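**Student:** Whatever this is, show me its structure:
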Amino acid sequence: VIKKHSNKSKQTNAWLPFPNLGQDIVQLLNDAVAKRDQQLVNLIILDMYTGMRIEEACSLTIKHIHRDYIFVAESKNTAGIRKIPIHSTLAEPLELMVRESTDGFVISGLNSKNKYGIRSDPIGKRFGRLKSKRGFGPNHVFHSIRETFITMLERKNVMESTTADIVGHSKKTFTYRGYEGGTTMEDKKEAIEKLAYPLENL
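**Tutor:** You can find the predicted model right below:
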């Protein structure tokens with residue numbers, strides 16, 4: 001299902017990865033843990049190992065969690081409908097999210113009064129307050145986790161086409177256009193397992 005959402009802001013090109021990459025994300029995760037905001041903890045963990053857009057993550061249902069992969073069934077474009085291998089570190093917390101869901105969603109219990117039915121609206125604002133307390137400005141938002149995810153894969157020398165298939169980017173070059181969605185699950189799994197975060201202090 002391709003969803004189109006109303007978005008007042010057109011700052012996509014201004015969104016940046018966090019400067020210290022995984023270290024910054026883990027610090028924000030620690031802050032969410034300290035606030036005992038389990039929904040936000042779950043959302044950050046989910047995104048740091050999948051690179052999903054925030055509404056993709058918040059719309060994800062437990063029926064789309066499979067043994068080895070996550071099926072993103074709703075996205076803003078065709079390329080966004082995809083399968084993401086489950087990172088070995090994500091497997092256990094994801095299983096817990098599924099087991100404890102009370103409403104069929106992986107990020108359970110989100111309620112939005114947004115007239116467009118955008119589930120990510122309230123939790124996105126909570127993340128905004130969290131990152132602001134860390135001194136991050138308007139160029140660093142929840143989408144910055146996705147940008148960081150992409151940057152970390154790039155620094156691990158993952159092919160651009162593989163990363164595009166993981167995060168649901170359209171392939172705009174002539175070479176890639178003929179291979180839309182052509183990366184194997186094995187290739188994506190190998191790439192995603194290269195992600196490592198400094199979690200020892202979590």
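**Student:** ok, which stretches of the chain are strands?
**Tutor:** 69-72, 82-85 (DSSP state E).
**Student:** Just put those in TSV and tack on mean neighbour count, distance to Y116 and mean pLDDT.
**Tutor:** Quick note: C-beta positions are derived from backbone N, CA and C, even for glycine. Supplementary listing: the strands of the chain in TSV, determined by neighbours: other CB atoms under 10 Å; distance: least, CB to CB, whole Å; pLDDT from 0 to 100:
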stretch	mean neighbour count	distance to Y116	mean pLDDT
strand 69-72	18	19	97
strand 82-85	21	23	97
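**Student:** For those, could you give me CSV that also reports distance to S59?
**Tutor:** Below are the strands of the chain laid out as CSV (distance: least, CB to CB, whole Å):
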stretch, distance to S59
strand 69-72, 9
strand 82-85, 14
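**Student:** quick one: which of these is nearest I166?
**Tutor:** Taking CB to CB, strand 82-85 is the member of the strands of the chain nearest to I166, at 6.0 Å.
**Student:** Other residues contacting that closest one?
**Tutor:** Contact partners of strand 82-85, identified using CB atoms under 8 Å, 6 or more residues apart in numbering, comprise 50-52, 68-72, 75, 165-166, 168, 181, 185, 188-189, 192.
**Student:** Can you turn the buried part of those into a ChimeraX selection?
**Tutor:** In ChimeraX, this line selects whichever of these come out buried by 16 or more other CB atoms under 10 Å:
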select :50,51,52,69,70,72,75,165,166,168,188,189,192
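**Student:** looking at it, I123 is touching A57, isn't it?
**Tutor:** No: here I123 lies out of contact with A57, judged by CB atoms under 8 Å, at a distance of 9.4 Å.
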